[in-house]
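Visitor: show me the folded form of this:
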Amino acid sequence: MKVKAISDGIYEIECGNVHYREVNKKVKELVNKGAKKVILKEVYGQRYIGTGIKENVKIEVYGTAGNDLGIFLYGPEIEVFGNAQDGVGNTMRTGKIVVRGHAGDVCGYGMRGGKVYIEGDVGYRVGIHMKGYKNLVPTFIVGGKAGNFFGEYMAGGILILLGLNRKPGEDIVGDYCATGMHGGVIFVRGEVPKRFLGREVKVFEPDVKDLKLLTDELKGFSEAFNIPVEEILSEPFTKIVPVSARPYGRMYAHRWGIATGIIK
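Guide: Down below sits the predicted model:
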């Protein structure tokens with residue numbers, strides 16, 4: 001592993017085939033020494049980049065970021081010049097992650113705050129168990145399309161799906177969108193056929209307040225990828241919200257009753 005000081009407070013690490021533990025150890029060492037920017041070159045799927053770092057630092061990743069990029073993130077900014085694997089923003093609390101490519105499954109899992117912007121597509125179960133924490137409201141914006149179970153069990157925060165790269169007639173989201181959702185809000189650019197949605201949600205046309213929220217949240221995405229907000233808002237959005245705060249409460253209570261013998 002080669003480490004080079006580019007200028008005062010800026011370091012470059014050639015990751016190559018170096019084990020992810022060694023890469024992350026070196027990143028944290030540099031941050032603890034006062035680094036303001038750490039540039040990771042030749043990243044070939046190293047995991048857990050940015051884990052738990054609380055200092056004000058920017059991490060640039062060139063290559064493919066491995067699983068759980070930014071897990072437990074507490075403030076840094078991570079920018080990926082390439083794709084990212086599963087678990088981007090897993091349980092992150094504050095900070096920002098920008099991926100200039102596609103991302104995998106289970107991104108934004110249990111996300112409590114911060115911003116995540118994905119330029120391309122994402123896989124399955126993005127935004128699962130996403131929630132706020134105290135006064136924090138997480139935002140996850142996908143520029144492309146999403147797979148099945150988008151927003152599954154979502155409890156809070158804002159999920160925005162844009163489908164900017166989709167072809168005419170191509171679906172923007174997969175099956176079981178918002179299944180088990182009981183908090184937060186999902187905005188989808190275009191229509192979402194009812195057959196794709198979980199039974200716990202309803203679809204509405206965004207009102208003036210919603211459009212103000214959308215405009216404000218899209219500014220960061222717009223700046224990251226140089227796409228005008230006006231262009232993004234040129235197509236109508238669908239608003240998806242839950243109609244139950246405890247969509248599976250009765251089912252779980254029924255199973256517990258049977259297991260304990262209260263219900264026979």
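Visitor: quick one, what contacts G174?
Guide: G174 makes contacts with 124, 146-150, 196, as judged by CB atoms under 8 Å, 6 or more residues apart in numbering. Backbone N, C-alpha and C define where each C-beta goes, glycine included.
Visitor: ah, wrong one, I meant T179
Guide: Per CB under 8 Å, 6+ apart, neighbours of T179: 149, 152-153, 198, 200.
Visitor: so which residues of the stretch 1-150 of the chain form helices?
Guide: Applying DSSP state H, counting those that start in this stretch to the stretch 1-150 of the chain gives helices spanning 20-32.
Visitor: and which of the contacts of T179 is nearest L164?
Guide: F149 (21.3 Å; CB to CB).
Visitor: and that closest one, what pLDDT?
Guide: Looking at F149, its pLDDT stands at 96.
Visitor: the closest residue to it other than its chain neighbours: neighbour count?
Guide: Distance criterion CB to CB, 6 or more residues apart in numbering; nearest residue to F149, sequence neighbours excluded, is R125 at 4.5 Å. By other CB atoms under 10 Å, the residues close to R125 number 24.
Visitor: distance of R125 from A5?
Guide: Using CB to CB, to the nearest Å, R125 is found at 41 Å from A5.
Visitor: show me the contacts for D86.
Guide: Listed by CB under 8 Å, 6+ apart, the contact set of D86 reads 67-68, 104-107, 123.
Visitor: pull the most distant pair out of the residues you listed.
Guide: D68 and G123 (14.1 Å).
Visitor: which one's more surrounded, the two?
Guide: Higher neighbour count among D68 and G123: D68, with 25 against 19, using other CB under 10 Å.
Visitor: so what's that one closest to, chain neighbours aside?
Guide: G87 (4.1 Å).
Visitor: check the gap between that neighbour and K96 for me.
Guide: Using CB to CB, G87 is found at 17 Å from K96.
Visitor: how about Y44?
Guide: 24 Å.
Visitor: between the two, which one's more packed in?
Guide: Regarding Y44 and K96, a neighbour count based on other CB under 10 Å identifies K96 as having more, with 21 against 13.
Visitor: run through the residues that contact the more buried one.
Guide: 77-78, 114-117, 220.
Visitor: before we move on, what about E205?
Guide: Contacts of E205 (CB under 8 Å, 6+ apart): 236, 238-239.
Visitor: do that again at 7 Å, thanks
Guide: Residues in contact with E205 (CB atoms under 7 Å, 6 or more residues apart in numbering) are K239.
Visitor: list phi and psi for it.
Guide: Here is the backbone geometry of E205 (degrees, to the nearest 10): phi -90, psi 130.
Visitor: same question, F237
Guide: According to degrees, to the nearest 10, F237 has phi -110, psi 150.
Visitor: neighbours around it, how many?
Guide: Per other CB under 10 Å, the neighbour tally for F237 reads 21.
Visitor: what's the answer for E230, then?
Guide: By the criterion of other CB under 10 Å, E230 has 10 neighbours.
Visitor: residues in contact with it?
Guide: Residues in contact with E230 (CB under 7 Å, 6+ apart): none are found.
Visitor: shouldn't V241 be in contact with P206?
Guide: No: using CB atoms under 7 Å, V241 makes no contact with P206, being 10.6 Å away.
Visitor: related to what we said a few turns ago, highest neighbour count among the contacts of K96?
Guide: V116 (31 neighbours).
Visitor: that older thread, by neighbours, which of the contacts of D86 wins?
Guide: Busiest of those [other CB under 10 Å] is C107, holding 32 neighbours.
Visitor: these two touch, right, it and Q85?
Guide: No: contact criterion CB under 7 Å: C107 and Q85 do not qualify, at 9.5 Å.
Visitor: can you give me the strands in this protein?
Guide: Assigned by DSSP state E, the chain shows strands spanning 2-7, 10-14, 37-44, 58-64, 74-81, 94-99, 115-118, 139-142, 155-161, 183-189, 201-204, 237-242.
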